[in-house]
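Visitor: Curious how this folds, go ahead:
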Amino acid sequence: MAGVKTTTLEKMPTGRVLVARHLLPSDTVALPRRAVVGIVVEFGGPGSHAALLARALGIPTVAKIPNLTKTIEVNDTLVVDGFLGEVVLNPDTNTRKRYRKRIEAVREGVSRVKELSHQPASTLDGTTISVMANVGWREDAATAAESGADGVGLYRLEQFYLARKTPATAAELVEELRATFAPLREKQITVRLLDLGGDKPLPFLKLPTEDNPFLGQRGVRLLLRFPEMLDAQLKALLEFSRDHDVRILVPMVTLVDEMAQVRHRLAAIARDMSVEKLPPLGAMIETPAAALTAGTIVQQADFLSIGTNDLTQYTMAACRENGLVSDYFIEDHPAVMRLVHMTVEAAGKTTVAVCGELAGRLDAVPTLLGMGVRALSVAPPFVPAIKEAIRATSLAALETGTPPTACKQASQPR
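Guide: So this is what the prediction gives:
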C-alpha cells in the first residue's frame, strides 16, 4: 500500500501505510482504522505500547527502521510484513505476487481455525484452558465475541481516558462499559484499573516531569496519589458488577500494601453503595519484585495476571519504547520465563493468567501450559489460533520433571 507521512491523522487517505518517527499510545488511539492498513515507525521497539495497541487493532506494524522518514516518500508503495518485522519499499511485480499469495494463505488459515473458535479449548489430555481477549475499544469487544473468546482477560481503561479532555465521572464510565461489553454480556470481564504513567500521559492530569517515568509513578502508584480518580473507577466497576461478571485488576503492583489499600477502598465504597458481593480483585504481576513475592501478594489478591510485556522490560533492563535496546527485549528469555514459573508456583491454587504478548505466541503456548498457566489473554484476532495450539498440546508429554525455562522456538534478538 502507498505510504503517507502526515501530522493530521484525521486527513489520512484510505488504504495507506502510516510512516512516523515515533508513535505514542494517544496517537494510536486516534488512528482512523479504515484508513490505516499498516504502520512503520523509525523509533521505538516492537514491545512499545503503541506497537502493541496497533497489533491489537489488527494493523501490521514494524518498528525500529533507521532513517525511515528520510527514505520513504509520500505515495511510495510499501509491503509491511508484521510477521517477520520487515518492510519492502516499492516491491517489484514478483514480490507483490508472492505477498498476495501469503495473504491469501493466512486468510484461509484464519477461516479454517475460526470454525472451532467458539468451542472450549482443551488439551489432548482433556484439560480446558480459558482463552480470553485483550480489549481496549468497543470494536475489540465485538471482534472478541466473533473470534470465540471465552471472556475478556484484560480491558484497558486508558484507551477511553486517552481520548478524553476531561476526567471521566463514574456514571460516564459505567455507560462506556455497558456499551463496550454488550456483545459479551454473559462472559467474564476483567477490567484493569487505569494504567497511566511512562508513555501514557493524560492531557487533563498535570504530572511532574520524571527523569525516568517507566521507573516512576505508574499504575497503582499513580492511582493511590489521585484517590478521587481511583474511587470513580471503583464506583463505576461496582455498579457495573450488578449485572455483569466483573473482575478488577490492579496494574503495576510492587508491594502487597498497594493491594491492601485498593481492597480497603473497594470495600468502603461498596458499603456506601450497598453492594454486598465484592468483585474479585487481582494483582498484575509486571515487576520482578512482584513475581518474587507473589506468595505474599496472593494474600491480598483473588487472582493474578502476568503482564509479560512490562515484566520483560524490567527484567531485561530494556525500555520497551527505546529502539536502541530492543535487541534485549526478549519475551521468552530464561530469566523472564523463570519469573513466570515462580509466580505460578507461589500462587498455589490461586488462578494465574498471562495477558502479555507472550500469551499470543503459538510457540510459547506449550511452555506456559507446562508451567501451570490455565488462562491466556490475547489480542482478539489471535483467539482462534491459540485455541488450536492448545488442542494440539499434551500436558502429559510436557511433564519432564524439570520446570520449563524457555520456549521451544526461542526468539532471537530483534
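
Visitor: For the stretch 151-300 of the chain, which segments are assigned as strands?
Guide: 151-156, 188-192, 245-250, 281-285 (DSSP state E, counting those that start in this stretch).

Visitor: looking at these, which is closest to residue 296?
Guide: In terms of Cβ to Cβ, the element of these nearest to residue 296 is strand 281-285, at 10.5 Å. From N, CA and C alone the C-beta is placed, and that goes for glycine too.

Visitor: Give me the helices and strands touching that closest one, please.
Guide: Secondary-structure packing of strand 281-285 (3 or more Cβ pairs under 8 Å, 6 or more residues apart in numbering; DSSP states H and E): strand 245-250, helix 256-273, helix 288-292, helix 294-297, strand 303-306.

Visitor: one more time with 6 Å, if that's ok
Guide: In terms of contacts (3 or more Cβ pairs under 6 Å, 6 or more residues apart in numbering; DSSP states H and E), strand 281-285 is packed against strand 245-250, strand 303-306.

Visitor: Throw these into a markdown table and include mean pLDDT and distance to residue 397, thanks.
Guide: Converted to a markdown table, the helices and strands packed on strand 281-285 look like this (pLDDT from 0 to 100; distance: least, Cβ to Cβ, whole Å):
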| stretch | mean pLDDT | distance to residue 397 |
| --- | --- | --- |
| strand 245-250 | 98 | 32 |
| strand 303-306 | 98 | 24 |
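
Visitor: Out of those strands, which one sits most buried?
Guide: strand 303-306 (a mean of 25; mean count of other Cβ atoms under 10 Å).

Visitor: roughly how far is it from the heart of the chain?
Guide: Mean C-alpha position of strand 303-306 versus that of the full chain (Cα atoms, centre = their mean, to the nearest Å) differs by 13 Å.

Visitor: just for the stretch 51-200 of the chain, where's the confidence low?
Guide: Applying pLDDT under 70 to the stretch 51-200 of the chain flags residues 51-58, 106, 108-113, 197-200.

Visitor: re the thing from before, please tabulate the helices and strands packed on strand 281-285 in JSON lines and include distance to residue 35 as additional columns.
Guide: Listed next are the helices and strands packed on strand 281-285 as JSON lines, based on distance: least, Cβ to Cβ, whole Å:
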{"stretch": "strand 245-250", "distance to residue 35": "32"}
{"stretch": "strand 303-306", "distance to residue 35": "33"}
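
Visitor: if we can go back for a sec, would you turn the strands of the stretch 151-300 of the chain into CSV with distance to residue 354?
Guide: Converted to CSV, these look like this (distance: least, Cβ to Cβ, whole Å):
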stretch, distance to residue 354
strand 151-156, 9
strand 188-192, 13
strand 245-250, 13
strand 281-285, 9
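
Visitor: nearest to residue 228, of those strands?
Guide: strand 245-250 (17.2 Å).

Visitor: Give the other helices and strands that that closest one contacts.
Guide: Strand 245-250 packs on strand 188-192, strand 281-285, going by 3+ Cβ pairs under 6 Å, 6+ apart.

Visitor: Quick one: closest of the ones you listed to residue 115.
Guide: Nearest of the helices and strands packed on strand 245-250 (Cβ to Cβ): strand 188-192, 23.8 Å.

Visitor: Describe which strands the closest one pairs with in its sheet and in which direction.
Guide: strand 151-156 (parallel), strand 245-250 (parallel) (DSSP bridges).

Visitor: closest one to residue 387 among those?
Guide: Nearest of those to residue 387, taken as Cβ to Cβ: strand 151-156 at 13.3 Å.

Visitor: what residues does the closest one touch?
Guide: Strand 151-156 is contacted from outside by 132-136, 187-192, 353, 355, 377, using Cβ atoms under 6 Å, 6 or more residues apart in numbering.

Visitor: how much space is there between the residue lying farthest from the centre of the chain and residue 17?
Guide: Residue distances from the centre of the chain (Cα atoms, centre = their mean) peak at residue 93, which lies 36.5 Å from the mean C-alpha position. Counting by Cβ to Cβ, to the nearest Å, the gap from residue 93 to residue 17 is 19 Å.

Visitor: Tell me which of the strands of the stretch 151-300 of the chain lies nearest to residue 206.
Guide: strand 151-156 (22.4 Å).

Visitor: Can you tell me the closest non-neighbouring residue to residue 125?
Guide: residue 395 (4.7 Å; Cβ to Cβ, 6 or more residues apart in numbering).

Visitor: got the contact list for the one you found?
Guide: 123, 125, 127.

Visitor: coming back round to it: now, of the strands of the stretch 151-300 of the chain, which is deepest in the fold?
Guide: Note that of those, strand 281-285 is the most buried (mean count of other Cβ under 10 Å), with a mean of 27.

Visitor: tell me the SS of residue 134?
Guide: Under DSSP: H, G, I helix; E, B strand; the rest coil, the three-state class of residue 134 is strand.

Visitor: Quick one: the strands in the stretch 1-150 of the chain, in order.
Guide: Under DSSP E, counting those that start in this stretch, the stretch 1-150 of the chain gives strands at 2-4, 16-20, 36-41, 61-62, 78-81, 86-89, 121-122, 128-135.
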